[in-house]
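Trainee: coords please:
(chains A and B)
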Amino acid sequence: MRIVFLGRLADRFGQERRVDLSANLTVADAIEALEDDDVGLLRAPGISYVLDHHVVGLDMILGDAKELAFLPPVSGG
Amino acid sequence: MIDVLITDRAIDADGLQRTLRHSVAERAGAVTSFVGMMRSDHDSVSSLTVEHYPGYTEREVARLAELALQRFGLFALLVHHRVGTMIPGDVIVVVAAASAHRREAFEACDFVMDYLKSAAPFWKKEERPDGARWVEPTARDVADRKRWET
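Mentor: Predicted coordinates for the structure are as follows:
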């Protein structure tokens, strides 16, 4: 699965990673699978999880999704 | 008519407003536009980089535009947002709305901007003398958006 990090999260985790994850795992499991000391940043308040372009919760099953994105608080305009 | 564009090229605010005005000529009684520009904040910000999530951001902004078109009964709504690196004076965003009467056009621009500021998937990074800083919505930005939820 392709894991995408946006904004300040990309500074810390890189823009993109590829991780092998089985379909029965959740978003929370995917975070653990990154095996990174700072994964707590990905569970912090204000972080959004977008699975194949749909906002989901930490307990969402990954299924056959192709892309999981971590979005920090936004700032446009 | 909805015209949404996320672009890494310079935005011609005057040209967009003119195009929109001509597209609704004789139907609309009001066209309002908002132009957001990069400011140096008293010379302390040298450049601004706006990132987006390609594919997802376009879809979310299109959805916001559709919501605004319906909510305010507009004839047309244009939202062009720049991404990439900008310098002070560059246009970051143009929102323009056309409606039968002025109130709806004014409010539509205000509504779209409030959502772009604190809900649309864009991320801004400012370059300051002491280093780069990611911008996050202020309490005011969030409160502004919540005005529309009632």
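Trainee: who's in contact with the closest residue to B:V142 other than its chain neighbours?
Mentor: Using CB to CB, 6 or more residues apart in numbering or on different chains and skipping residues adjacent in sequence, the residue nearest B:V142 is B:S118, 5.3 Å away. Where you see a C-beta, it was placed from the backbone N, CA and C, and this is true even at glycine. The neighbours of B:S118, taking CB atoms under 8 Å, 6 or more residues apart in numbering or on different chains as the test, are A:V74, A:S75, B:P137, B:D141, B:V142, B:D144, B:R145.
Trainee: run the last query once more with 7 Å
Mentor: By CB atoms under 7 Å, 6 or more residues apart in numbering or on different chains, the contact set of B:S118 is A:V74, B:P137, B:D141, B:V142, B:R145.
Trainee: Need these in CSV (columns: secondary structure, pLDDT and distance to B:E26).
Mentor: As requested, the contacts of B:S118 are exported to CSV (DSSP: H, G, I helix; E, B strand; the rest coil; pLDDT from 0 to 100; distance: CB to CB, whole Å):
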residue, secondary structure, pLDDT, distance to B:E26
A:V74, coil, 91, 38
B:P137, coil, 85, 40
B:D141, helix, 89, 37
B:V142, helix, 89, 40
B:R145, helix, 92, 34
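Trainee: Neighbour-wise, give me the winner out of these.
Mentor: Highest neighbour count within the contacts of B:S118, by other CB atoms under 10 Å in any protein chain shown: A:V74, with 27 neighbours.
Trainee: ok so, going back, how about a markdown table for the contacts of B:S118, with distance to A:A23 added?
Mentor: Compiled in a markdown table, the contacts of B:S118 are given as follows (distance: CB to CB, whole Å):
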| residue | distance to A:A23 |
| --- | --- |
| A:V74 | 29 |
| B:P137 | 35 |
| B:D141 | 38 |
| B:V142 | 36 |
| B:R145 | 36 |
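Trainee: wait, which of those is closest to B:K124?
Mentor: The nearest member of those to B:K124, counting by CB to CB, is A:V74 at 9.0 Å.
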